[in-house]
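> model this:
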Amino acid sequence: MSVTKNIQLLQAELPQGVRLVAVSKYHPNEAILEAYNAGQRVFGESKVQEMVAKYEALSKDIEWHFIGHLQTNKIKYMASFVSLIHGVDSLKLLKEIDKQAAKAGRRVKCLLQIHIAQEETKFGFTPNECKEMLDQGEWRELKNIQLCGLMGMATNTDSTEQVRAEFSSLSSLFDELKSAFFTHDEAFCELSMGMSDDYPEAIEAGSTLVRVGSKIFGERVY
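Numbers count the residues shown, from 1 in each chain. Got it, this is the predicted structure:
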């Protein structure tokens, strides 16, 4: 199976309004180029250094999404070009993105990461922490970030019921926050959930961005 074929199959499968983020982390530029030539423009990386190197080497019309756990000291390296940061899990991080985006003369789009999985290893706000943070309103003063929605990762389990329930809870939270804080904000429209193993369930629950890696590029070489 070629990268081109995989991209075409996935694109054909995705309903209107759902975008594919090709997770290219740990994969070489050649593989990204093949996906690019097949029409893919959105790529996801989880290591800032790797993303910067790829940004510098590859076509400038690529939309780079940062999908990993982000450290505040790394933001400055990508603030000038990153299209969307999926995993913002604290107000402190949001403030630092705002600061670095201001220096770069940009407004950077961000998603708030919500912890919906049963696993402790995953990051994110609890739904209540997220509501509290939005309620306190300090984020409204940050002029160089734009909150565009939520991101979450389901538990890595064979139970489709559990995965469905977790995605459904994130979707409900999105609706709740949308009506409470972003009613008239058209930018708050993204729900990033679903990966290679569970993206059909995520789409069912209302995902607008699916992050797919191994189904496109094969297994990673670390």
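> Please report how far the residue positioned nearest the centre of the chain lies from residue 184.
In the chain, the residue lying closest to the centroid (C-alpha atoms, centre = their mean) is residue 86, at 3.2 Å. According to C-beta to C-beta, to the nearest Å, residue 86 stands 24 Å off from residue 184. For glycine as for every other residue, the C-beta is placed from the backbone atoms N, C-alpha and C.
> Please apply the same query to residue 24.
Using C-beta to C-beta, residue 24 is found at 35 Å from residue 184.
> Of those two, give the one with the bigger neighbour count.
With neighbours defined as other C-beta atoms under 10 Å, residue 24 and residue 184 compare such that residue 24 has more, 29 against 5.
> Spit out the contact partners of the more buried one.
Counting by C-beta atoms under 8 Å, 6 or more residues apart in numbering, residue 24 touches 31-32, 35, 43-45, 54, 213, 217.
> need the strands for this structure, in chain order.
Here the chain has its strands, by DSSP state E, at 19-23, 42-45, 63-66, 84-88, 108-114, 145-152, 190-192, 209-212.
> for the protein, which spans come out with low pLDDT?
The chain contains residues with pLDDT under 70 at 121-122, 220-222.
> buried ones in the longest helix seen in the chain?
In terms of residue count, the longest helix belonging to the chain (DSSP state H) is helix 160-181. Neighbour-count burial for helix 160-181 flags 163-167, 169-171, 173-174, 177-178, 181 (criterion: 16 or more other C-beta atoms under 10 Å).
> Give the residue farthest from the middle of this protein.
For the chain, the residue at maximal distance from the C-alpha centroid (C-alpha atoms, centre = their mean) is residue 1, at 26.1 Å.
> And the helices in this structure?
Remark: helices assigned in the chain by DSSP H are 3-13, 29-37, 48-57, 75-78, 91-103, 127-136, 160-181, 199-204, 214-217.
> This completes my enquiry, with thanks.
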